[in-house]
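Asks: predicted model and sequence follow; I will ask about them next.
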Amino acid sequence: MKNLKCFPFERNRYFYGKLLSVDDFETEQKYFNDKRRTVNRYLLGTGVVCGLHVVEVDDETVSVERGLALDFAGREIMVDEPVIRRISQFEGYDDGPEAGEAGAYYYLCLEYREEAAELMHNVAGPQEQNIGEYNKYRESYRLFVTQQEPEQEIFAPDQLYRERRVVYSGEGVCISQVLLRYLESGAETALQIEVEKTGRQQTISFEYELVLSSMTCMDETTVKVHFDEKDYPANRIYHMEIPLKAAYVNGAEAQAAVLPDSFCLRAGDREYRPKISAASRTSVSSRDSFEAMQEEYYKGAMDHIINHTFQQSIYLARIYVVKAGTACMIERVETLPFQQKILHSDISAAMIGKLTDDVQKLREKGTSGAEADRKAAPHEQAPRIASGEVVFDLADVKAGQTLLSEEITHGLGFARVAVILGYEAENTDAEGSETVFGDPGVFSEDPDISLGARVNAEEGSFVIGVKTRKETGKGRLKVFWTALRDEASKTLARRKRIFIRPDIPSLFAGQSIVFTAVLEGFEDDRFTWQVKDSAGGTIDRNGKYTAPESAGVYQVAVESAAYPEVKATTFVVVQERNND
């Protein structure tokens, strides 16, 4: 039963008179195994479900505690008793690091394995050869050590919302960048730099330069990363953060790319200058980051799982060792180095509950000072001006033909903007060029072209159109654009929504309930509550609704004071009181 392909599902069809063969019985087992393993893989994932903690027993021995894991094919791996073993007794030990090697370590891995069991006589086999057959398969496991990194990227839950990119690994140090995968337009975030020392070399320091696109750091598009271990308390893993801000764009990929020749690492007295090619990327859009994460997951989860059905071990621990001659001493044990674990429903519910409590405490703590903070610090606005250029190819363009540019994101937020256009004609038949802004007819009674811009305020973008009045021949047209945001216009409320909780409650006559307005896309919590029906009860400014004495269905509405166009409604079902 070592199949790795579950699809398509097939099961036996029984009928009277059917001759059952070995193939039929194996099909029966395969059907139910495949169903269960598909649920395991697609619904639960891959990794440790519980237990399997690796504990250092003494200087040479570790214990793998009992536990359960699911592998890449959804197969259950059960370790029913603790496994206590010396490092030197694990399979793969002899292929490890040499004695005296600095920063030496092993990965302790777990894999699914099946074993044939219970050899018995085969009554249908050749009697003269007396060949037996195994009666059962015993599902087991294999524990081994290796120095090999995972052949394929190991999936961990945090990869759904953040990307880890290794910038450099070598000389006893691993430098990584961690960035959120999804950002809202104009949102602030931080690029995390993680420095892990895997060896015992002397103090390290490094520096390199990042080039930013669709993001800025202190209004700059380049930032210098500098790290010196002397500036931090001695540790094995160091963290530093670089503040970033996403541009006011929609549907763009932002990145922080390492300038190839800028990397310099100093380890002790030695200096290394490898050529680095690494970039951290994130998607910037008008969508909420949680909404974007869910949408992308459901679009690509099926393809990801199918394309990643490969032989992959579960990495239980990274064990750092010191080898001297034939002795191998354990220095430290790092469990689940690649975070291969599955969140059980109980722990997931506990984590969500804890997170809810923390958020509520933060809200309560920040309520008193929220209004003062808003008055003291005005809301940060999007940039007021942006500019750029677009080149049109005029070769073989006919008279009266209109050329359109690609959708251009101006980065000024979701508001009304004015676009000023100018052009510079570059023609191979003429010497020199000139730049014209405004109406080209002012300078020529018969202008060659006319320009226009079509602005899409809801997407924060625009399109430039060029219409030729006569054939221009060979050449190019360079169009310069400048976008100005209208300060008098309000930011569009396209993504601002209010939800009323609870939704459609049921009350007895005269009973009260408190409604809560849940915001999406804005923070101004000033609302106006209203009961649409004059005889439908009352509601105060805090959302406390009191039902009338008469039964019926009544409508309750809430409207934002800052954005009157943003509103929501719900209904209240009022029942007569039961005097019994």
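Replies: Nice, I can see it.

Asks: now do the helices in the chain.
Replies: For the chain, the helices defined by DSSP state H cover 22-39, 289-307, 345-376.

Asks: now for those, which one comes closest to Arg13?
Replies: helix 22-39 (10.0 Å; Cβ to Cβ). The C-beta positions use only the backbone N, C-alpha and C, and glycine is treated the same way.

Asks: and Ser169, what is it in contact with?
Replies: Contacts for Ser169 (Cβ atoms under 8 Å, 6 or more residues apart in numbering) come out as Ile175.

Asks: distance check, it against Glu241.
Replies: Computed as Cβ to Cβ, to the nearest Å, the Ser169 to Glu241 distance reads 21 Å.

Asks: can you redo the helices of the chain as TSV with mean pLDDT, mean neighbour count and distance to Ala99?
Replies: Formatted as TSV, these follow (pLDDT from 0 to 100; neighbours: other Cβ atoms under 10 Å; distance: least, Cβ to Cβ, whole Å):
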stretch	mean pLDDT	mean neighbour count	distance to Ala99
helix 22-39	88	13	43
helix 289-307	74	13	41
helix 345-376	64	10	42
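
Asks: what sits against Trp529?
Replies: Here Trp529 is in contact with Phe515, Ile539, Asp540, Arg541, Gly543, Tyr545, Val556, Ala557, Val558 (Cβ under 8 Å, 6+ apart).

Asks: if you set the cut-off to 7 Å instead, what comes out?
Replies: Ile539, Arg541, Gly543, Val558 (Cβ atoms under 7 Å, 6 or more residues apart in numbering).

Asks: could you find the closest non-adjacent residue to it?
Replies: Ile539 (4.7 Å; Cβ to Cβ, 6 or more residues apart in numbering).

Asks: what count of nearby residues applies to that neighbour?
Replies: 21 (other Cβ atoms under 10 Å).

Asks: low-scoring stretches of the stretch 51-200 of the chain, by residue?
Replies: Scanning the stretch 51-200 of the chain for pLDDT under 70 picks out the ranges 100, 102, 127-130, 151-158, 199-200.

Asks: ranges for the strands of it?
Replies: 54-56, 61-64, 67-70, 76-79, 83-86, 105-121, 132-146, 162-170, 173-180, 182-184, 188-197 (DSSP state E, counting those that start in this stretch).

Asks: these: which one's closest to Leu44?
Replies: Closest of the strands of the stretch 51-200 of the chain to Leu44 is strand 67-70, at 6.1 Å (criterion: Cβ to Cβ).

Asks: tell me what the closest one is packed against?
Replies: strand 47-51, strand 76-79 (3 or more Cβ pairs under 7 Å, 6 or more residues apart in numbering; DSSP states H and E).

Asks: possible to save those as CSV with distance to Ala457 and mean neighbour count?
Replies: Putting the helices and strands packed on strand 67-70 into CSV (distance: least, Cβ to Cβ, whole Å; neighbours: other Cβ atoms under 10 Å) gives the following:
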stretch, distance to Ala457, mean neighbour count
strand 47-51, 46, 18
strand 76-79, 55, 17
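
Asks: tell me which of those lies nearest to Tyr315.
Replies: strand 47-51 (9.5 Å).

Asks: other residues contacting that closest one?
Replies: With Cβ under 7 Å, 6+ apart, strand 47-51 has contacts from Glu65, Arg66, Gly67, Leu68, Ala69, Leu70, Ile314, Leu336, Gln340, Lys341, Ile342, His344.

Asks: narrow those to just the buried residues.
Replies: Burial by neighbour count, judged by 16 or more other Cβ atoms under 10 Å, picks out Glu65, Gly67, Ala69, Leu70, Ile314, Leu336, Gln340, Lys341, Ile342 from those.

Asks: in CSV, list the helices and strands packed on strand 67-70 along with distance to Met293.
Replies: Listed next are those as CSV, based on distance: least, Cβ to Cβ, whole Å:
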stretch, distance to Met293
strand 47-51, 20
strand 76-79, 29
